[in-house]
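J.: Generate coordinates for the sequence data below:
(one chain, ligands or ions: 3)
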Amino acid sequence: MAQERTAGLTKNLSGDLPRHIAIIMDGNGRWAKERGWPRTQGHLEGVKRVDEVVKAASDMGIKALTLYTFSTENWTRPEAEVSMLMQTLVSVIAQKLKKLHANGVRFRFSGRREGAPSAVLETFDRAVEYTRDNTGLLLNIAFNYGGRLEILDAVRALARECMSNVTTPEAIDEKVFSDHLYTKGIPDPDLLIRTSGEKRLSNFLLWQLSYAEFYFTDKYWPDFTPDEFVKAVRDYQSRGRRFGGVEALKGGAS
Ligand code: IPE
Ligand code: IPE
Ligand code: MG
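T.: Ligands and ions are numbered 1, 2, ... in the order given. Reported below is the predicted structural model:
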């Protein structure tokens, strides 16, 4: 039923699809607070939307989906919330892995390994390894992710390569730099979605989003159904992308 519904929604999507969609899934806490519930209840409801949106993206033929699950700044949250989020990530991936694998989903992890709990890293590593040969949706999980740290990590790696004569400063171009980011090999996002009404990047994909189309919605993440996802893609398709030129390319022409 849900699948038919997604297929139905997708049928009306004429035009080019974004190759890569990145989502800042925000508003779980406020969604719960509005109902007088603990913030953790919002995260649990948010997990359901993750499941549905991943399925919708996969059914629609989107090539890559990056989900911001935990930032390098989120460690400042109360310990109980942080540990709930860690446990949820581990258990949800373990639970869904087989089904996602059957749907051809390929996992990627983008973030700093240092400082990430080993149980979470092991879960990600297992999911990446298990799905490595799949050719469907690339599901990139941004965890312990910070855009500035990612850029610094790349700068440090390149500085080391220069010092050991593996490369030269002149050889560092945009492609080389991109290849030193956590997102190596993944095309830059065409569309960035942020839920919950906030209009900021919160340290997300600072380099990669340079020419992405931005879509902001007041919906809290637990209210962001596949219909809302399709709405965002439709909005993207109505945009004219110029990339600094004069000719407007239709959304998706990247
Ligand atoms: C997003 O929802 C989930 C994570 C950051 C893990 P929030 O928890 O930020 O919810 P709000 O923004 O406080 O409502
Ligand atoms: C961004 O949301 C991080 C994630 C969605 C994982 P935040 O809720 O942490 O962002 P701020 O604090 O409102 O900027
Ligand atoms: Mg938030």
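J.: alpha carbons only for contacts and neighbour counts from here, please
T.: OK.
J.: residue nearest the centroid of this protein?
T.: residue 66 (1.8 Å; CA atoms, centre = their mean).
J.: gap between that residue and residue 142?
T.: Going from residue 66 to residue 142 by CA to CA, to the nearest Å gives 7 Å.
J.: Which strands and helices lie in contact with the longest helix anywhere in the chain?
T.: The longest helix of the chain (DSSP state H) is helix 79-102. When contacts are defined as 3 or more CA pairs under 8 Å, 6 or more residues apart in numbering; DSSP states H and E, helix 79-102 sits against helix 39-60, helix 118-130.
J.: Tell me which helix or strand the residue lying farthest from the centre of the chain sits in.
T.: Here the chain reaches farthest from its C-alpha mean at residue 165, the gap being 34.5 Å by CA atoms, centre = their mean. Assigned by DSSP states H and E, residue 165 belongs to no helix or strand.
J.: Give me the three-state assignment for the residue nearest to the centre of the chain.
T.: strand (DSSP: H, G, I helix; E, B strand; the rest coil).
J.: so it sits right up against residue 50, yeah?
T.: No - counting by CA atoms under 8 Å, residue 50 is not a contact partner of residue 66; they are 11.2 Å apart.
J.: Where does pLDDT dip in the chain?
T.: For the chain, the stretches with pLDDT under 70 are 1-12, 252-254.
J.: Which residues of it lie near ligand 1?
T.: Contacts of the chain with ligand 1, taken as CA under 6 Å from any ligand atom, map to 25, 26, 27, 28, 29, 30, 69, 70.
J.: make it 5 Å
T.: Contact residues (CA under 5 Å from any ligand atom) of the chain with ligand 1: 26, 27, 28, 29, 30.
J.: In a markdown table, list the residues you listed along with distance to residue 184 and neighbour count.
T.: Formatted as a markdown table, those follow (distance: CA to CA, whole Å; neighbours: other CA atoms under 10 Å):
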| residue | distance to residue 184 | neighbour count |
| --- | --- | --- |
| 26 | 25 | 24 |
| 27 | 29 | 24 |
| 28 | 29 | 23 |
| 29 | 32 | 19 |
| 30 | 34 | 18 |
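J.: need those in CSV with secondary structure, can you?
T.: Below are those laid out as CSV (three-state DSSP):
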residue, secondary structure
26, coil
27, coil
28, helix
29, helix
30, helix
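J.: Distance to residue 235 for the residues you listed - can I get that in a markdown table?
T.: Output for these, formatted as a markdown table (distance: CA to CA, whole Å):
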| residue | distance to residue 235 |
| --- | --- |
| 26 | 19 |
| 27 | 21 |
| 28 | 24 |
| 29 | 27 |
| 30 | 25 |
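J.: Tell me how far residue 118 lies from ligand 2.
T.: Noted for residue 118: a distance of 19 Å to ligand 2, by CA to the nearest ligand atom, to the nearest Å.
J.: That should have said residue 53, apologies.
T.: Note on residue 53: its distance to ligand 2, by CA to the nearest ligand atom, is 15 Å.
J.: Then residue 67?
T.: Distance, residue 67 to ligand 2, using CA to the nearest ligand atom: 8 Å.
J.: Just grab the bridge partners of that residue for me.
T.: Taking DSSP bridges as the rule, residue 67 bridges to residue 23, residue 141.
J.: Quick one: residues contacting residue 128.
T.: Listed by CA atoms under 8 Å, 6 or more residues apart in numbering, the contact partners of residue 128 are 106, 107, 108, 109.
J.: Next, format those as JSON lines and append secondary structure, neighbour count and distance to residue 132.
T.: Output for the contacts of residue 128, formatted as JSON lines (DSSP: H, G, I helix; E, B strand; the rest coil; neighbours: other CA atoms under 10 Å; distance: CA to CA, whole Å):
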{"residue": "106", "secondary structure": "strand", "neighbour count": "22", "distance to residue 132": "6"}
{"residue": "107", "secondary structure": "strand", "neighbour count": "26", "distance to residue 132": "7"}
{"residue": "108", "secondary structure": "strand", "neighbour count": "24", "distance to residue 132": "9"}
{"residue": "109", "secondary structure": "strand", "neighbour count": "22", "distance to residue 132": "12"}
